[in-house]
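# Structure for the following, please:
(4 chains)
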4 protein chains.
Amino acid sequence: MRVRVGVNGFGTIGKRVADAVAKQPDMELVGVAKTRPSYEARRAMEKGYPLYITGGGNPAEFQDAGLPVAGTIQDLLHSVDIVVDASPDKVGRENRKLYEAAGIHAIFQGGEKADIAEASFNALGNYDACLGKRTLRVVSCNTTGIARAAAVLRQGWGVDHWEVTLIRRAADPAETKKGPINGVMPTFQLPSHHGPDVLTIFPDLHIATLAAVVPTTLMHVHVNHVRLTRAPKDAKEVTDTFRRNPRFRVFAPWEHVDGTPQVMEYARDRGLGFNDMMENVLWDEGFRLDNRDAYFFQAIHQESIVVPENVDAIRASMEMESDGRASIAKTDRAIGLSRA
Amino acid sequence: MRVRVGVNGFGTIGKRVADAVAKQPDMELVGVAKTRPSYEARRAMEKGYPLYITGGGNPAEFQDAGLPVAGTIQDLLHSVDIVVDASPDKVGRENRKLYEAAGIHAIFQGGEKADIAEASFNALGNYDACLGKRTLRVVSCNTTGIARAAAVLRQGWGVDHWEVTLIRRAADPAETKKGPINGVMPTFQLPSHHGPDVLTIFPDLHIATLAAVVPTTLMHVHVNHVRLTRAPKDAKEVTDTFRRNPRFRVFAPWEHVDGTPQVMEYARDRGLGFNDMMENVLWDEGFRLDNRDAYFFQAIHQESIVVPENVDAIRASMEMESDGRASIAKTDRAIGLSRA
Amino acid sequence: MRVRVGVNGFGTIGKRVADAVAKQPDMELVGVAKTRPSYEARRAMEKGYPLYITGGGNPAEFQDAGLPVAGTIQDLLHSVDIVVDASPDKVGRENRKLYEAAGIHAIFQGGEKADIAEASFNALGNYDACLGKRTLRVVSCNTTGIARAAAVLRQGWGVDHWEVTLIRRAADPAETKKGPINGVMPTFQLPSHHGPDVLTIFPDLHIATLAAVVPTTLMHVHVNHVRLTRAPKDAKEVTDTFRRNPRFRVFAPWEHVDGTPQVMEYARDRGLGFNDMMENVLWDEGFRLDNRDAYFFQAIHQESIVVPENVDAIRASMEMESDGRASIAKTDRAIGLSRA
Amino acid sequence: MRVRVGVNGFGTIGKRVADAVAKQPDMELVGVAKTRPSYEARRAMEKGYPLYITGGGNPAEFQDAGLPVAGTIQDLLHSVDIVVDASPDKVGRENRKLYEAAGIHAIFQGGEKADIAEASFNALGNYDACLGKRTLRVVSCNTTGIARAAAVLRQGWGVDHWEVTLIRRAADPAETKKGPINGVMPTFQLPSHHGPDVLTIFPDLHIATLAAVVPTTLMHVHVNHVRLTRAPKDAKEVTDTFRRNPRFRVFAPWEHVDGTPQVMEYARDRGLGFNDMMENVLWDEGFRLDNRDAYFFQAIHQESIVVPENVDAIRASMEMESDGRASIAKTDRAIGLSRA
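The predicted structure is shown next:
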């Protein structure tokens, strides 16, 4: 019997998680909840996802737009085993009461504080520790990117110390009311909140993160310096290891992928839903090893990187699969994520 | 028997046309030609498109990248009935000699001068006049957008005069060496070349076009004022007519599509190949009628709008279908273009 | 005796008007009012402008920042003959009560509705009609740009009809919370509010304006088509006329000023305060005459174009100078605006 | 007697250096050389700088533009004691032969390789070592920024190790043909060339630099982590030290300067020529001390930061002043650089 899943919120994250859940053989997408009609709501309808009203939305507006509604968020919550909360930052905390009242499991997003859930989650990082938790929080896009890379590097060679500068995209592609249009905004939190957030996955990691916001909508870029515990043989040993692991894509020079615009073009060519890039993106040319010191760039697609993590979090919470690697493989196969 | 098609050039236009041709029931994509290996070349391989080397490309480079090559451009040309030239601007003229030597039909793009082909082509505009021509030129993205709208407005109410300001995107998303980053560059050609180019489709249209380039990569936006010959009953009569015609998408207010970033987000949600938007985009809110004067915005996706036109141009040139509307319907059904 | 002037608001417009007023031989800048300390407030102090607190600002904050305060906005209002209101949009209406209570004249900005003042003002457009009005409203940057050009073209050849597409900058250079970062946002008000606003200066002008917002911070660009009443001899006759008039700058091809970034670079080279460009900017190459039809681009520096207009508005309101052209000459000489 | 200076090249750097030299009491600006007429050339004329033709420029073009020419670059070189080469990257090497032939001293820019001159120069870094050298190279903007900060930190507390991520502006404000418009381009040189370049000033510094290019035109931003040799008492001890040194500007929270757009707005308010920001920009809020580890942001105005360095390089080369700090004070006073 498939686990019944609801998605509360159908924006950037919610619509992607809904698609990913709908593709999983061991899950059933019962419905999605939205506050107002939009082309995204119609798209849900076209895909056959029952539409529920959440956040005080007005049924008459949906009716006027020709969008049939299956019920309220309460109706949805009483028909599912677990809900993925994909509402805007800080709203999740309010919603948690509804989920508790309905007696269901819940997955929250990284925009919420860590204490919203019993544990923070990253599939490569701490799947085991999350098994059976009624509430989980999938860490944010940047934290997910760091946690994945940390899982690989720690396992391979150990990590003594990590420094990251996060060059953050200022807005998502369809967010047209945010800036800056021309300029760089340093994040005056030193270190930035990303470092402490990684500790929710790897409490003993030594990491310092600094951040600045730049006028782009496509991806974040991390500029990393990691001091490893043991020296790899060469850079290739490390990039090959990334290549062998799930959720990493290492570009070779001949592919002519020079920056985030080309990564997104590659994603459009590949043609996953929304043309997403759910893997950490690295480059052979953008990786340098100097004994135990690894310097490398990593690009993170803020819109989609947490999508497979949400699917795995469902499996961990509902104990549908005891082995993290097995869940990852199942998720990625269903989504169509390939390493080619 | 299906018409055998080759695509010379596998960049922005070529890769899209190849996909569209491959989906047509009455066409066979024999192969695509490229000058150097890249992720796009590998994608061709993954899709099963035989890869040919063009433009003096080096076979050893393809071999090093693990990309098997089926032959040279000459090999391809001798295996097809018609070739779509999707090489960079001005290169088409040189290639034409090869096509003539191979004795095949050829479709060129709007970056070439009009005299490269026997006729310029737009499916809604002048399909009939292009039947059986050995060479055709699909007009450029902006001209295609104007020609489509002109076809509808001329048929419905007649057009006395048209003025357009073209707010042009400065570069395609993956073109990272073009600017401006911050500023507006007026096009000092007055009127711009777009107006005269529309006359290759509608020689008697009175049109004046002015243009400026702005720092965006997503879409062009046309700001139109058309004086019609006969007054429509109301704005709705016109927008409804656009809605009924193929290759137009009119957004309603409740869809919350406020500008080109949201149009592109809609396209990502819809999920055509590359998340393209092959229709002219209009808005109910962006259309105003004042007796015989229509003022409206139109957004044009420079990367994809000419794709279905290339398919129809093949049919016209090869006389595979005598009726333009029938070809359009066939093309759009195969591509998955819907008006919803 | 010099007229005593106060400036309420010391942001983008206020700081520029203050400098311009301080340079006028027939005016005395009594002080400027600000709500909170900032580098701009300190700059006021460094320039010797007495600083008053407005808008519920906190004196302690100024003290902590080491900025001595001369008093409250009420103190300022009782020491001046006229106030220039440069507060944010819509706040001016509230402030008007204070000005009335103080029994002084007031100049408002174009962000306020036209009925805030006895008349709307443009120096070349309607100086005479504004003489002696207790309250005036300097029309907004785009309207000022159109009104200036209209004044010249109407006087020279008459204007039958005018169409403008306004390509609007999305934010000022230091406004970092506004977008879009990548995209074009059509203004769904058709015609846009700019046309009606020009009618507050020229009630009988036939004008249609359409607008779209683009990701740049530097300048607006107007794309104009004007049908003149009488045909000029040639384009040069018109551009020469613009050159002879104050507050126009026509760039010649050899100057290599190709777009708004180069206009702003020119302004930096020239070195007026803040590197402003207070003139309407035109180009010889960007002007085309076709019998009675003039097509031309015009760039408008949104931050500074209204600054000299505010100075002239003071003179008109206080009847310090009965001839508009004489006031313009006086203002421009003091500011350092030259036509070279 | 004043030292006679020529400036070869009148673009971004040349025009600024010319102004700075013209203001020095102990220097005479004999003339500037340019290849073609432009508004910048006319501006030279308006400022009274004799104009010479360089780089194969055509005298007829200058004549047509109404710009009188004083002679050729050879004429200029024979009238000066020292020339500042501000020609485009790589052209300086060719020019060096002319300077040698004329028997004069020469200052080159950081776009040239280090071996173009007897020594690389930074005023706070190695003034003494450059005294009397016939040829000097002022290191590039980013290197200058790092070298200044290194000079202060080394003197105060010693530097064990430095890591910098350079977030680089993609183009200067008036360079409209460069991108990216939307995206981040990692610099695949690891470490980037900036680190080795700093070693031309401080050969024993341990420094690693990584870089990425982002779509902004205003300033570079450095994200620094420095491990000091001795722990400062607190962060304030370090920021106060920066404040006391020339060519640093540390912004306090109450100034509301949140990123590079506001820094540039501050520069416009201050009103140095071209509204330049010749100091390293730091923030109290953007500085954190953790025992011996200092984390801080630094913004670098690529157009102007090397300008005062060129002036000091002239003094060092010509031995006009034996003490670097004295030269700096003289330069800054003449330019109007203040620490307020």
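
# Let me see the contact set for the residue most central in space within chain A.
The centroid of chain A falls nearest to residue A:306 when counting by Cα atoms, centre = their mean (1.0 Å). By Cβ atoms under 8 Å, 6 or more residues apart in numbering or on different chains, residue A:306 lies in contact with A:13, A:109, A:110, A:138, A:139, A:140, A:141, A:144. (Glycine included, C-beta is placed from N, CA and C.)

# Give me the pLDDT value at it.
pLDDT for residue A:306: 98.

# now swap in residue A:56 and tell me
pLDDT at residue A:56 comes out at 85.

# hang on, it is in a strand, isn't it?
No. Assessed with DSSP: H, G, I helix; E, B strand; the rest coil, residue A:56 is coil; it does not lie in a strand.

# Ramachandran angles for it?
Main-chain dihedrals, residue A:56, degrees, to the nearest 10: phi 70, psi 20.

# doesn't residue A:35 make contact with it?
Yes. The criterion here is Cβ atoms under 8 Å, and residue A:56 meets it with residue A:35 at 6.9 Å.

# Show me what the helix or strand containing residue A:315 is packed up against.
Element membership of residue A:315 [criterion: DSSP states H and E] is helix A:307-317. Other elements packing on helix A:307-317 under the criterion 3 or more Cβ pairs under 8 Å, 6 or more residues apart in numbering or on different chains; DSSP states H and E are helix A:12-23, strand A:82-85, strand A:105-108, strand A:119-121, helix A:123-130, strand A:135-138, helix A:324-335.

# returning to that earlier point: between residue A:56 and residue A:35, which one's more packed in?
Higher neighbour count among residue A:56 and residue A:35: residue A:35, with 19 against 8, using other Cβ atoms under 10 Å in any protein chain shown.

# So what's the predicted local confidence for that one?
On the pLDDT scale, residue A:35 gets 93.

# Repeat that for residue A:90.
As predicted, residue A:90 sits at a pLDDT of 85.

# now residue A:79: how far from residue A:213?
40 Å (Cβ to Cβ, to the nearest Å).

# no no, residue A:227
Distance of residue A:227 to residue A:213, given as Cβ to Cβ: 27 Å.

# Which one's more surrounded, those two?
Regarding residue A:227 and residue A:213, a neighbour count based on other Cβ under 10 Å identifies residue A:213 as having more, with 23 against 15.

# Without its sequence neighbours, what residue ends up closest to the more buried one?
Take residue A:213 and drop its neighbours on the chain: the residue closest to it by Cβ to Cβ, 6 or more residues apart in numbering or on different chains is residue A:185, 4.3 Å away.

# what inclination does the longest helix anywhere in chain A have with respect to helix A:307-317?
Of all the segments assigned as helix in chain A under DSSP state H, the longest by residue count is helix A:141-156. Orientation check (axes from the mean of the first three to the mean of the last three Cα atoms, to 10 degrees): helix A:141-156 against helix A:307-317 gives 70 degrees.

# What segments of chain A are helices?
Listed in chain order, the helices of chain A (DSSP H) span A:12-23, A:39-46, A:59-64, A:73-77, A:91-102, A:123-130, A:141-156, A:194-198, A:235-244, A:260-270, A:307-317, A:324-335.

# quick revisit: please identify the deepest-packed of the helices and strands packed on helix A:307-317.
strand A:82-85 (a mean of 28; mean count of other Cβ atoms under 10 Å in any protein chain shown).

# What strands flank that strand, and is each parallel or antiparallel?
The partner list of strand A:82-85 in its sheet, established with DSSP bridges, is strand A:3-8 (parallel), strand A:105-108 (parallel).

# show me what contacts residue A:273?
Contacts of residue A:273 by Cβ under 8 Å, 6+ apart are A:16, A:19, B:271.

# so what pLDDT did it get?
Looking at residue A:273, the pLDDT reads 92.

# now the one 4 residues further on
At residue A:277, the model reports a pLDDT of 98.

# gap between the longest strand along chain A and the chain center?
Identified as the longest strand of chain A according to DSSP state E is strand A:159-169. With Cα atoms, centre = their mean, to the nearest Å as the basis, strand A:159-169 stands 18 Å off its chain's centre.

# can you tell if that strand touches chain B?
No. If you take Cβ under 8 Å from any Cβ of the partner chain as the test, strand A:159-169 misses chain B, and the best it gets is 13.2 Å.

# Can you mark which positions in that strand are buried?
Buried positions in strand A:159-169, judged by neighbour count with 16 or more other Cβ atoms under 10 Å in any protein chain shown: A:159, A:162, A:163, A:164, A:165, A:166, A:167, A:168, A:169.

# The residue in the stretch 101-250 of chain A that chain B sits nearest to: what's it in contact with?
Nearest residue of the stretch 101-250 of chain A to chain B: residue A:174, at 3.9 Å (Cβ to the nearest Cβ). Counting by Cβ under 8 Å, 6+ apart, residue A:174 makes contact with B:261, B:262, B:264, B:265.

# Please look at residue A:65 and residue A:41 and confirm they touch.
Yes. Using Cβ under 8 Å, residue A:65 is in contact with residue A:41, at 7.4 Å.

# So for those two, which residue has more residues nearby?
Shown here are residue A:65 and residue A:41; by other Cβ under 10 Å, residue A:41 has more neighbours (27 against 18).

# So which residues on chain A come close to chain C?
Residues of chain A lying near chain C (Cβ under 8 Å from any Cβ): A:170-171, A:173, A:175-183, A:185, A:215-217.

# Show me just the buried residues among those.
Those of those that meet the buried threshold are A:170-171, A:173, A:175-176, A:178-183, A:185, A:215-217, by 16+ other Cβ under 10 Å.

# In strands, which of those fall?
Among these, the members found in strands (DSSP E) are residue A:185.

# And the furthest pair within the contacts of residue A:306?
A:13 and A:139 (12.8 Å; Cβ to Cβ).

# Now do the same contact list for residue A:15.
Residue A:15 makes contact with A:32, A:40, A:43, A:44, A:274, B:269 under the criterion Cβ under 8 Å, 6+ apart.

# now swap in residue A:4 and tell me
Contacts of residue A:4 (Cβ under 8 Å, 6+ apart): A:27, A:28, A:30, A:79, A:80, A:81, A:82.

# just residue A:160 next, same as before
Contacts of residue A:160 (Cβ under 8 Å, 6+ apart): A:206, A:227, A:228, A:229, A:292.

# where are the low-confidence patches of chain A?
A:338-340 (pLDDT under 70).

# ok, 90 please
For chain A, the stretches with pLDDT under 90 are A:1, A:38-40, A:55-57, A:89-90, A:189-195, A:338-340.

# which bits of it sit near chain D?
With Cβ under 8 Å from any Cβ as the criterion, chain A meets chain D at residues A:163, A:165, A:167, A:180, A:182-186, A:188, A:190-191, A:208, A:210, A:212-219, A:221, A:223, A:225, A:258-261, A:264, A:283, A:285-288, A:295-297, A:299.

# re earlier: now the contacts of residue A:273 as a markdown table including distance to residue D:1?
Below are the contacts of residue A:273 laid out as a markdown table (distance: Cβ to Cβ, whole Å):
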| residue | distance to residue D:1 |
| --- | --- |
| A:16 | 74 |
| A:19 | 79 |
| B:271 | 76 |
